[in-house]
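A.B. asks: what shape does this take:
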Amino acid sequence: MRAVSIGEALAGFFRSQGLEKRIREADIVRLWPEISGEIIAERTEAQKVRDGILYVKVLDAVWRNELTYLRFELMKKINKRMGKSLLQDIKFI
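C.D. replies: You can find the predicted model right below:
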């Protein structure tokens, strides 16, 4: 039996308990300001990820409209950062 690091052991535990996906979803919300950039982050707040959809609260309708056009680019950045395709859509609310 080989020795494993604490990180590997925890990752295995989270995976076995079905928590890995939820942790990655929480990471998306936590990393939103960094991934979206300063200007967007000042006008938005990531709320949650449910069923592959990131829900982002937006300051006003003008920004909501503008971000709708950028959502595919933002999803691509998020999925690349997370190392796998976790998001299918972003809903701006």
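A.B. asks: all helices of this protein, in order?
C.D. replies: 6-16, 20-36, 38-43, 61-82 (DSSP state H).
A.B. asks: how far out from the middle of the chain is the first one?
C.D. replies: On the basis of CA atoms, centre = their mean, to the nearest Å, helix 6-16 is displaced by 20 Å from the centre of the chain it belongs to.
A.B. asks: which strands and helices lie in contact with that helix?
C.D. replies: helix 20-36 (3 or more CB pairs under 8 Å, 6 or more residues apart in numbering; DSSP states H and E). In short, each C-beta sits where N, CA and C put it, glycine included.
A.B. asks: Val49 bridge partners, please.
C.D. replies: In this structure, Val49 bridges to Leu54 when assessed by DSSP bridges.
A.B. asks: correct me, but it touches Asp27?
C.D. replies: No - contact criterion CB atoms under 8 Å: Val49 and Asp27 do not qualify, at 9.3 Å.
A.B. asks: who has more neighbours out of those two?
C.D. replies: Neighbour count, other CB atoms under 10 Å: between Val49 and Asp27, Val49 has more, with 21 against 15.
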